[in-house]
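**Student:** Compute the structure for the input listed below.
(one chain, ligands or ions: 1)
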Amino acid sequence: MHKVSIFDTTLRDGEQAPGFSMGVDEKIKMAIQLEKLNVDVIEAGFPISSEGDFNAVAEISRKVKGPEIAGLARASEKDIARAWEALKNSPHPRIHTFIATSPIHMKYKLKMEPDEVYERAIKAVKFARKFTDNIEFSAEDATRSEPEFLIRILNGVIKAGARIVNIPDTVGYTTPEEFSKLILFIKSRIKDAVISVHCHNDLGLASANSLAAIKSGARQVECTINGIGERAGNAALEEIVMALKTRKRSFQCTTEIDTTQLYPTSRLLSSITGVEVQPNKAIVGKNAFAHEAGIHQDGILKKQSTYEIMKPADIGLPSNSLVLGKHSGRHAFRTRINALGYEFTRPQLNTLFAKFKRLADKKKEIYDADLEELITEEFYRVNQMYHFESANFAGGSDMIPVATVQIKINKKSYKEVGYGDGAVDAVYNAIKKMTKKNCRLVHFHISSITKGSDAQGKVTVQIEEDGKEATGQSTHTDIVIASARAFVQALNRLDMKNRLR
Ligand SMILES: [Zn+2]
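**Tutor:** Numbering: from 1, shown residues only. Down below sits the predicted model:
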């Protein structure tokens, strides 16, 4: 078995994509989770590109001790010195320098002759070598470079001190067969360096190309969580890792990734960036382990391997998110309810099952969240802890928003004042004071369900406390009132969950 190093570039190539930018604190949080996942290298940023990137790389270098921390730098002394400044406190720093080697990039982007590019690359690696011997060199747009020139430059940088040579398919152009040939060719012409690959997904081939390269001798892959990255994204870390694990005999390669951290890492990234994973995304999508067909469900319950090539627990999913539908029977229903951590008496279960059947007639797929909704609806009706009564608020350009909120807690009325960044924040602070709740707002979404300025606003909130999550939803022509009611509903559901489990 050969070991393949996992080089995660979620915080660099991934973060570069529109809609995925993260603050320094968020990057640190993500880096700590990547350490738990046990990646070999974290590319923490491109230090010269901005103050924020520099600080993130510097902070991560100080705080994250396990994996190597890489910082990106163009092949220039200024870039490399800046990268080193950010990396120097890491126990395992890596300078990652790059220059484009394809005719089209050299001619139009760099406006340099191949000989000049060669000289610059060698000079950069020699300069980086003054700081560390852990140097990676990338030949940008390698898949569109002249193979002989590529070999010349790779041998040059290896001689100058690069330990890892990365072959990026920068524009996502190559195919598995072609890439495999290129890697075999490079392998036969260089020595004393690890071959790395970096694939983009423009043709949906990033994971396939990375895996083809591994079969041909690449021993490091650059990838990102959820496959985020420039344009169509980078190769998805979870796909490569699970392909190697599931088809171990075919690849004869392993990674040191703790696969049970894959799902939690994917979720953390989504919650930080606010970008959900597409439901049918391999490995970490909501539907990746969902089975709707009745025959499949029955099979899975009898023996998991009938329709599953991986176990949900392997990626850290608590249990199989079997989608229930109107064809699902009582057995599947009860199994699912129990798996969610609920225990009910037979009459309670009968009531819930009848409700479930009615819901299944209207809604094709019933997910865990729907079941939890059913359960909380059923019990929350009779046993409501909090009841919204009224909210008044004032705000504007020149005043601190203030709200007075009245709610009933256990049938007794309370009134409280709250301040905040805005009316909704002020209302929430007042409610939190009264309920003495220390919950976190995970998600807040507002949409209008009719047209015009008097439209009804629909507010959905998701809150979290001690690892338990609950959602609330409300509709009102005043969005602040809708927000308050949705929040109170979420609190009730959270309370219900705490009491039921
Ligand atoms: Zn890239």
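**Student:** Now do the phi/psi pair for residue 73.
**Tutor:** Here is the backbone geometry of residue 73 (degrees, to the nearest 10): phi -150, psi 140.
**Student:** Then residue 17?
**Tutor:** Dihedral angles (degrees, to the nearest 10) for residue 17: phi -70, psi 150.
**Student:** ok, now residue 459?
**Tutor:** phi -110, psi 130.
**Student:** Can you get me a residue count around it?
**Tutor:** 24 (other C-beta atoms under 10 Å). From N, CA and C alone the C-beta is placed, and that goes for glycine too.
**Student:** Just list whatever residues bridge to it.
**Tutor:** residue 446, residue 474 (DSSP bridges).
**Student:** residue contacts, it?
**Tutor:** 444-446, 473-476, 479, 482-483, 485-486 (C-beta atoms under 8 Å, 6 or more residues apart in numbering).
**Student:** which of those residues has the most neighbours?
**Tutor:** residue 486 (28 neighbours).
**Student:** What helices and strands are in contact with the helix or strand hosting residue 138?
**Tutor:** Using DSSP states H and E, the element containing residue 138 is strand 135-140. Here strand 135-140 touches strand 93-100, helix 114-128, helix 147-160, strand 164-169, going by 3 or more C-beta pairs under 8 Å, 6 or more residues apart in numbering; DSSP states H and E.
**Student:** can we see that at 6 Å?
**Tutor:** On a contact count with 3 or more C-beta pairs under 6 Å, 6 or more residues apart in numbering; DSSP states H and E, strand 135-140 meets strand 93-100, helix 114-128, strand 164-169.
**Student:** circling back: got TSV for the contacts of residue 459, with pLDDT too?
**Tutor:** Formatted as TSV, those follow (pLDDT from 0 to 100):
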residue	pLDDT
444	88
445	83
446	83
473	79
474	79
475	76
476	78
479	89
482	89
483	94
485	92
486	90
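**Student:** Put together TSV for those residues, with distance to residue 402 on each row.
**Tutor:** Shown next, in TSV, are these (distance: C-beta to C-beta, whole Å):
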residue	distance to residue 402
444	20
445	25
446	21
473	26
474	22
475	25
476	20
479	17
482	19
483	15
485	19
486	20
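**Student:** Just the closest of the residues you listed to residue 31, please.
**Tutor:** Residue 31 has its nearest neighbour among the contacts of residue 459 in residue 444, at 26.0 Å by C-beta to C-beta.
**Student:** circling back to that earlier point, ok, and what's touching the strand holding residue 138?
**Tutor:** Around strand 135-140, the neighbours that count as contacts under C-beta atoms under 6 Å, 6 or more residues apart in numbering are 94-98, 100-101, 125, 128, 150, 157, 161-166, 168, 170.
**Student:** That strand versus strand 93-100: what angle between them?
**Tutor:** Inter-element angle recorded for strand 135-140 and strand 93-100: 20 degrees (by axes from the mean of the first three to the mean of the last three C-alpha atoms, to 10 degrees).
**Student:** about what we covered before: quick check: of the contacts of residue 459, which lies closest to residue 370?
**Tutor:** Distances from residue 370 to those, taken by C-beta to C-beta, are shortest for residue 473, at 13.0 Å.
**Student:** Test my guess that that closest one contacts residue 460.
**Tutor:** Yes - counting by C-beta atoms under 6 Å, residue 473 sits close enough to residue 460 to count as a contact (4.9 Å).
**Student:** quick one, phi/psi of residue 60?
**Tutor:** With angles defined as degrees, to the nearest 10, residue 60 sits at phi -60, psi -40.
**Student:** I'd like the distance between it and residue 283.
**Tutor:** 25 Å (C-beta to C-beta, to the nearest Å).
**Student:** what do you get for residue 384?
**Tutor:** Counting by C-beta to C-beta, the gap from residue 384 to residue 283 is 39 Å.
**Student:** which of the two has more neighbours?
**Tutor:** Neighbours were counted for residue 384 and for residue 283 using other C-beta under 10 Å; residue 283 has more, 26 against 16.
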